[in-house]
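Novice: Kindly generate the corresponding structure for this input.
(3 chains)
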Amino acid sequence: SRWEEEKKEDGVKWMQLEHRGPYFVPLYEPLPEDVQFYYDGKPLKLSLATEEIATFYAKMLDHEYTTKEIFQNNFFHDWRKEMTSEEQEIIKDLDKCDFREIHKYFVDKNEARKALPKEEKQKLKEEADKIQEEYGYCILDGHREKIGNFKTEPPGLFRGRGEHPKMGMLKKRIMPEDVVINCSRDSKIPEPPEGHKWKEVRFDNTVTWLASWTENIQNTLKYIMLNPSSKLKGEKDWQKYEVARRLKDVVHTIRAQYRKDWKSKELKKRQRAVALYFIDKLALRAGNEKEEGETADTVGCCSLRVEHIQLHPQLDGQEHVVEFDFLGKDSIRYYNKVSVEKPVFKNLQLFMKNKDPTEDLFDQLSTTFLNKHLQHLMDGLTAKVFRTYNASITLQEQLKALTNPEDNVAGKLLSYNRANRAVAILCNHQRSIPKTFAKSMQVLQEKIDAKKKQVEEAQEEVKKAEDEFKDTQDAKAEDNVEKKKKLLKRLEEQLAKLNIQATDKEENKQIALGTSKLNYLDPRISVAWCKKFGIPIERIYNKTQREKFAWAIDMAGEDFEF
DNA sequence: GCGTGCGACTCAGAAAGTTATCG
DNA sequence: GCGATAACTTTCTGAGTCGCACG
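Specialist: You can find the predicted model right below:
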């Protein structure tokens, strides 16, 4: 297929890479003289560095998390470290700090920017476009490719997800001296900003990143990489789905194997087999171990603790029910009650016996051990492949089951969304209910009611016209009947469309469809579905998505099978 | 060997920004 | 046709997975 002709040596990702380096966010601009910080009720002029950090906090005053003790303590600790000794002498209590004037200054500034005249906004946009044009692209093997994130992250206060122990810590400004540049030896090497140097320039074509730096909160690397529309990323994406398709061929064998292993004499094997069952059936993530105290307390399959499940021999008329309740990736809650096969239930009872709630459910198991086993079952198989496989196969099955060829485009799109939704539910992709949800739902309902009324009126009009025609039998009255019927039909269609909209909206209020669409669903399934039912591809993929999935749009015919 | 830390990559939802829609 | 608002899109950057080097 399309990429096979230019196979590279193992591990080599490119032959040529040229770019401008990262775009550095603007330096701090001091506050105007009349915007003041107050300590213990009295104005206090801060040093530049101290003031900058104060503005980070001031900007966040509206956020609920600035009220959290951990956030405040982390912030105050890091802030004090950057103060002059004089400032340290004075500023000893965060409660005596008054950032409100600074806060107001930024709120006003924001509004002023929004209220700018059209021409001014246009000018700003052109400036942004120019930066994008200059820094937003690279040359990779002769092709101009879009970069995903070409700007350094601005300094600020760290806010992790959930109950993160490091929330409020100071995220430092990235300087050229922190940045490692990666490009090809013979390319035009990016110039560091005036008066600065790069930390390092290297020429490593076994990696895909263009620049990297170490962030100071978790002490981990951050990268500048290509946009999903790039050939490099697209090829990788395609590979991912090909691995998942290979799993389809062997999944039955693997399922038979883990069923057998439920009865293994080795406890470790049993744990692996039960964990794999969860990963397969419930699309759980692998669940690597994490360093305690460094991140929020979240788990995946292998790191589940006894406290995260409850066993019910009987529940709501079902047998062997496992009740899951834990925080997964991004501290999103996973709550599910699942009826499992009896040996699984018995094994879980065994694994939980004589354990504290805080102990590991699968105490013998690690993701490394699990993945070694999977690798042995199929080349390239890891825990996450099950998520991709089950997501994609579910979409395909749901589309088959839900699409009614008789439906109009809106009806078919509802079916598509429902199939997509089934996957999002499987993968537990949630979002917070939009703030305006209740209100906009009410508005929609009112529209529906109004439309219903119109339909009823139109029905009566039709009847009246028909009666008149019966009486008069003249051509004009006949025309009128047709006219009224046409109107009725149009109104009925509008009503149906509104009802579909309302259904879709309600079903979707807490479900995030984007993640599965972008990362788990083989796009060729969707492309094939569109072709088969004559749905324009633009109706399911926007411009960005079409760019990312160009390979699939190119490749898949209407008879593509995952 | 083998566990452990780290590097490189994918995946994640919130928030900001832009466009479409509606009265 | 205009302004408010909702819907959609883009940006942002944190949080996972997983392989491998290293001691």
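Novice: List the beta-bridge partners for the residue nearest to residue A:318 when sequence neighbours are not counted.
Specialist: Spatially, and ignoring its direct neighbours in sequence, residue A:318 is nearest to residue A:339 (4.3 Å; CB to CB, 6 or more residues apart in numbering). C-betas here are computed from N, CA, C, even on glycine. Going by DSSP bridges, residue A:339 is paired in beta bridges with residue A:321.
Novice: Can you pull the residues of the stretch 1-150 of chain A lying near DNA strand B?
Specialist: A:13, A:63, A:125 (CB under 7 Å from any atom of the strand).
Novice: per-residue pLDDT, residue A:405?
Specialist: You'll see residue A:405 listed with a pLDDT of 92.
Novice: again with residue A:493
Specialist: pLDDT, read off for residue A:493, is 73.
Novice: Check residue A:2 too.
Specialist: 44.
Novice: ok, residue A:317 to residue A:349 distance?
Specialist: Using CB to CB, to the nearest Å, we find residue A:317 at a distance of 21 Å from residue A:349.
Novice: Please identify which of the residues of the stretch 1-150 of chain A next to DNA strand B is nearest to residue A:448.
Specialist: residue A:63 (36.3 Å; CB to CB).
Novice: model confidence over stretch A:216-232, on average?
Specialist: Mean predicted lDDT for stretch A:216-232 stands at 94.
Novice: Oh, that last question was meant for stretch A:295-302, not what I typed.
Specialist: Rounded mean pLDDT across stretch A:295-302 is 94.
Novice: Do it and DNA strand B come into contact?
Specialist: No: if you take CB under 7 Å from any atom of the strand as the test, stretch A:295-302 misses DNA strand B, and the best it gets is 9.7 Å.
Novice: Show me where the stretch 251-400 of chain A has its strands.
Specialist: Using DSSP state E, counting those that start in this stretch, the strands of the stretch 251-400 of chain A run over A:309-315, A:318-327, A:333-339.
Novice: Any idea which of these gets closest to residue A:541?
Specialist: Among the strands of the stretch 251-400 of chain A, strand A:333-339 sits nearest to residue A:541 (CB to CB), with 28.5 Å.
Novice: From the contact counts, what lies against that closest one?
Specialist: helix A:267-282, strand A:318-327 (3 or more CB pairs under 8 Å, 6 or more residues apart in numbering; DSSP states H and E).
Novice: quick revisit: so the residue nearest to residue A:318 sits right up against residue A:317, yeah?
Specialist: No: using CB atoms under 8 Å, residue A:339 is not in contact with residue A:317, being 9.7 Å away.
Novice: Give me the more crowded residue out of these two.
Specialist: residue A:339 (15 against 7; other CB atoms under 10 Å).
Novice: quick one: contacts for the more buried one?
Specialist: With contacts defined as CB atoms under 8 Å, 6 or more residues apart in numbering, the neighbours of residue A:339 are A:318-322.
Novice: Check which residues of stretch A:457-469 are buried.
Specialist: A:458, A:461-462, A:465-466, A:468-469 (16 or more other CB atoms under 10 Å).
Novice: Which single one of these is nearest to DNA strand C?
Specialist: residue A:458 (22.8 Å; CB to the nearest atom of the strand).
Novice: who does the helix ranked longest in chain A touch, helix- and strand-wise?
Specialist: Criterion DSSP state H: the longest helix present in chain A is helix A:437-472. Using 3+ CB pairs under 8 Å, 6+ apart, the elements in contact with helix A:437-472 are helix A:475-507.
Novice: so where is chain A shaky, pLDDT-wise?
Specialist: A:1-9, A:500, A:504 (pLDDT under 70).
Novice: what's the closest of the contacts of residue A:339 to DNA strand B?
Specialist: Distances from DNA strand B to those, taken by CB to the nearest atom of the strand, are shortest for residue A:322, at 21.3 Å.
Novice: and whichever strand or helix holds residue A:246, anywhere near DNA strand B?
Specialist: Following DSSP states H and E, one finds residue A:246 within helix A:231-261. Yes: using CB under 7 Å from any atom of the strand, helix A:231-261 reaches DNA strand B at A:233, A:236-237, A:240.
Novice: So residue A:231 sits against residue A:145, correct?
Specialist: Yes: between residue A:231 and residue A:145 a contact is recorded at 7.0 Å, counting by CB under 8 Å.
Novice: hmm, back to that, name the stretch among the helices and strands packed on strand A:333-339 that sits most buried.
Specialist: Most buried of the helices and strands packed on strand A:333-339, by mean neighbour count (mean count of other CB atoms under 10 Å): helix A:267-282, with a mean of 22.
Novice: Who are the packing partners of that one?
Specialist: Using 3+ CB pairs under 8 Å, 6+ apart: helix A:267-282 touches helix A:231-261, strand A:333-339, helix A:342-352, helix A:367-377, helix A:383-402.
Novice: how about CSV for those, with distance to residue A:96 added?
Specialist: CSV is the format used below for the helices and strands packed on helix A:267-282 (distance: least, CB to CB, whole Å):
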stretch, distance to residue A:96
helix A:231-261, 50
strand A:333-339, 37
helix A:342-352, 50
helix A:367-377, 48
helix A:383-402, 49
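Novice: how many neighbours does the residue of the stretch 51-200 of chain A found nearest DNA strand C have?
Specialist: When scored by CB to the nearest atom of the strand, the stretch 51-200 of chain A has residue A:160 as its residue closest to DNA strand C, at 2.9 Å. Neighbouring residues of residue A:160 were enumerated by other CB under 10 Å; the total is 18.
Novice: how close does it get to residue A:72?
Specialist: 15 Å.
Novice: got it, and residue A:196?
Specialist: Distance from residue A:196 to residue A:72, by CB to CB: 34 Å.
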